[in-house]
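Engineer: 3D, please:
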Amino acid sequence: MTLEEHVAQVNGAAFWKEFTLAENTFAPKPGQELELADNLVWFGDFALVLQLKEREAPTEDPAAEATWFARKVLDKATSQVRDSLRFLDEQPQISVTNARGQAFDIRRADLADVVKIVVYQPGKALPDEQARKRFHVSRTAGFIHLLDIEDYRGILDTLRVPEDIRRYFAYREQVAPKIEDAGVEEPDIMGAFIGEAELPVAGMREILGRLVQDYDAFDLSSLIGNLHDHIEKDEHPLAYYRIMLQFALVPRSVWRAIKERFLLSLEAAKAGEFKMPYRLTFPDSRCTFMITPLHPDVPKEGPEREKARIAGLTNLTRLAKYDHKTPKAVGIQVGYEGEHVTIDWTLIEQDWVQDDETEKMLAERNPFRSASEKKVDSFFVVNLPEGA
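Structural biologist: Predicted coordinates for the structure are as follows:
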């Protein structure tokens with residue numbers, strides 16, 4: 001497997017195929033074909049621009065490997081990153097295709113945060129002096145992350161959630177120039193990020209060993225990553241993409257809260273019990289999530305059942321959105337058709353406007369539990385016993 005194939009695979013798993021773009025050639029004019037980047041991750045106003053360099057014929061000579069690093073990583077790859085930014089600046093829009101073959105137009109004006117990364121696969125004889133280089137600062141492109149493929153894959157495998165990965169690179173850009181200890185390696189930076197340390201120091205990798213990877217409690221990949229395959233198609237074939245985007249914009253703590261409520265709703269639906277809907281909002285993404293079991297009074301079969309399903313999901317999602325005063329809301333409704341689970345989805349995107357009728361309805365017949373604001377940690381770390 002080539003480095004490009006490997007990065008496309010790990011990016012597709014971490015960021016889902018919808019947001020991973022490995023085919024990025026475009027023609028600014030007839031007869032001219034250019035490549036935007038070796039790999040591109042793009043969701044919302046965030047993009048990850050990656051240039052890749054692989055040592056195809058490594059030697060056992062440290063000097064030769066250092067020369068390769070200087071020419072291919074520090075010079076060539078960073079120059080290609082600058083080209084990527086220039087292409088985005090020069091073109092009003094560039095058509096790109098994701099890993100599912102869906103085409104989109106990317107515009108520089110829509111991107112508030114562009115992270116630049118060079119991922120490389122070195123030879124074993126690369127000297128420590130080069131291997132410890134964590135970044136390159138370009139006069140025109142700014143901060144560019146430098147990562148070997150093992151460290152890059154470790155970041156994605158450990159953090160798992162797109163928003164947490166984005167936050168990690170923001171943290172890394174902030175602290176990398178301040179690290180003076182030559183013994184600090186990438187796992188130490190990751191440990192410092194998870195432990196919310198102001199600055200990484202050698203040995204902080206031990207925090208990774210105490211990180212509780214409670215995948216069963218937070219991982220939504222099987223549900224969201226396969227949304228393309230099981231959501232009902234309508235006249236807007238990419239509507240599901242906008243739903244996935246809302247999950248890409250929230251951290252692990254929100255995934256955990258959603259999954260907890262999803263499983264409780266699933267349990268109630270299977271038992272045919274009534275349970276009040278759940279709703280939660282993550283302020284940074286300004287999106288409300290409403291999760292509910294299908295109401296047991298919904299007709300068991302026939303066209304009236306589908307109408308009731310759609311109406312119930314839409315109404316509850318609109319009310320949750322209104323109550324939390326957000327411009328977006330995702331609704332998830334869980335039910336059963338015999339032994340088969342059914343999941344209904346909706347996304348409502350509309351500026352919040354005060355409405356007296358809705359206010360009255362919520363005051364008189366609020367279908368939700370009371371809500372409160374609280375801080376929830378994304379990462380759980382096991383504390384060592386005293387004296388350990």
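
Engineer: remind me which residues of the stretch 151-300 of the chain are low pLDDT?
Structural biologist: Applying pLDDT under 70 to the stretch 151-300 of the chain picks out residues 225-226, 228-237.

Engineer: how about the helices in it?
Structural biologist: Remark: helices assigned in the stretch 151-300 of the chain by DSSP state H, counting those that start in this stretch are 162-175, 186-194, 206-210, 215-218, 221-224, 227-230, 239-248, 252-271.

Engineer: which positions in stretch 360-380 come out as buried?
Structural biologist: Of the residues in stretch 360-380, 367, 368, 378, 379, 380 count as buried by neighbour count, 16 or more other C-beta atoms under 10 Å. Placement of C-beta: from N, CA and C, glycine included.

Engineer: cool, and stretch 54-70?
Structural biologist: 54, 55, 58, 62, 65, 66, 68, 69.

Engineer: would you mind measuring from the first one to residue 148?
Structural biologist: Applying C-beta to C-beta, to the nearest Å, one obtains 11 Å for the distance of residue 54 from residue 148.

Engineer: overlap in contacts, these two.
Structural biologist: Counting by C-beta atoms under 8 Å, 6 or more residues apart in numbering, the shared contacts of residue 54 and residue 148 are 120, 121.

Engineer: that older thread, what's the closest of the buried residues of stretch 360-380 to residue 274?
Structural biologist: Nearest to residue 274 out of these is residue 367 (C-beta to C-beta; 10.9 Å).

Engineer: which SSE is that closest one in?
Structural biologist: Under the criterion DSSP states H and E, no helix or strand holds residue 367.

Engineer: wait, doesn't it sit right on residue 276?
Structural biologist: Yes: in this structure, residue 367 is within contact of residue 276 by C-beta atoms under 8 Å, at 6.6 Å.

Engineer: so what's residue 153 closest to, chain neighbours aside?
Structural biologist: Nearest in space to residue 153, with sequence neighbours left out and distances taken as C-beta to C-beta, 6 or more residues apart in numbering, is residue 10 at 5.4 Å.

Engineer: quick one, phi/psi of that neighbour?
Structural biologist: phi -70, psi -30 (degrees, to the nearest 10).

Engineer: next: the one 3 residues further on.
Structural biologist: The phi and psi values for residue 13, taken as degrees, to the nearest 10, are phi -70, psi -40.

Engineer: what separation do you get for it and residue 219?
Structural biologist: Remark: distance between residue 13 and residue 219 (C-beta to C-beta) = 12 Å.

Engineer: which of these two has more neighbours?
Structural biologist: Using other C-beta atoms under 10 Å, the more surrounded residue of residue 13 and residue 219 is residue 219, with 18 against 15.

Engineer: and the more buried one, how close does it get to residue 213?
Structural biologist: According to C-beta to C-beta, residue 219 and residue 213 sit 9 Å apart.

Engineer: farthest pair within the buried residues of stretch 360-380?
Structural biologist: 367 and 379 (33.3 Å).

Engineer: thought residue 312 was touching residue 296?
Structural biologist: No: contact criterion C-beta under 8 Å: residue 312 and residue 296 do not qualify, at 11.4 Å.

Engineer: what does the host helix or strand of residue 364 rub up against?
Structural biologist: Using DSSP H and E, residue 364 sits within helix 356-365. Helix 356-365 is contacted by residues 318, 319, 322, 323 when judged by C-beta under 8 Å, 6+ apart.

Engineer: now residue 367: phi and psi?
Structural biologist: phi -80, psi 0.

Engineer: if I look at the most centrally placed residue in the chain, how far off is residue 252?
Structural biologist: Centroid-nearest residue in the chain, with C-alpha atoms, centre = their mean: residue 162, separated by 1.9 Å. With distances taken as C-beta to C-beta, residue 162 is found 10 Å from residue 252.

Engineer: need phi/psi at residue 96.
Structural biologist: phi -130, psi 160.

Engineer: apart from its neighbours in sequence, what residue is nearest it?
Structural biologist: Using C-beta to C-beta, 6+ apart, the closest residue to residue 96 is residue 21 (4.8 Å).

Engineer: how far away is that neighbour from residue 8?
Structural biologist: Distance from residue 21 to residue 8, counting by C-beta to C-beta: 9 Å.

Engineer: these two: which is more packed in?
Structural biologist: Legend: neighbour count by other C-beta under 10 Å for residue 21 and residue 8, higher for residue 21 (25 against 22).

Engineer: got the contact list for that one?
Structural biologist: Residue 21 neighbours (C-beta under 8 Å, 6+ apart): 39, 40, 41, 42, 96, 97, 98, 99.

Engineer: how about the residue nearest to the first one when sequence neighbours are not counted, secondary structure?
Structural biologist: Using C-beta to C-beta, 6+ apart and skipping residues adjacent in sequence, the residue nearest residue 39 is residue 50, 4.3 Å away. Taken by DSSP: H, G, I helix; E, B strand; the rest coil, the conformation at residue 50 corresponds to strand.
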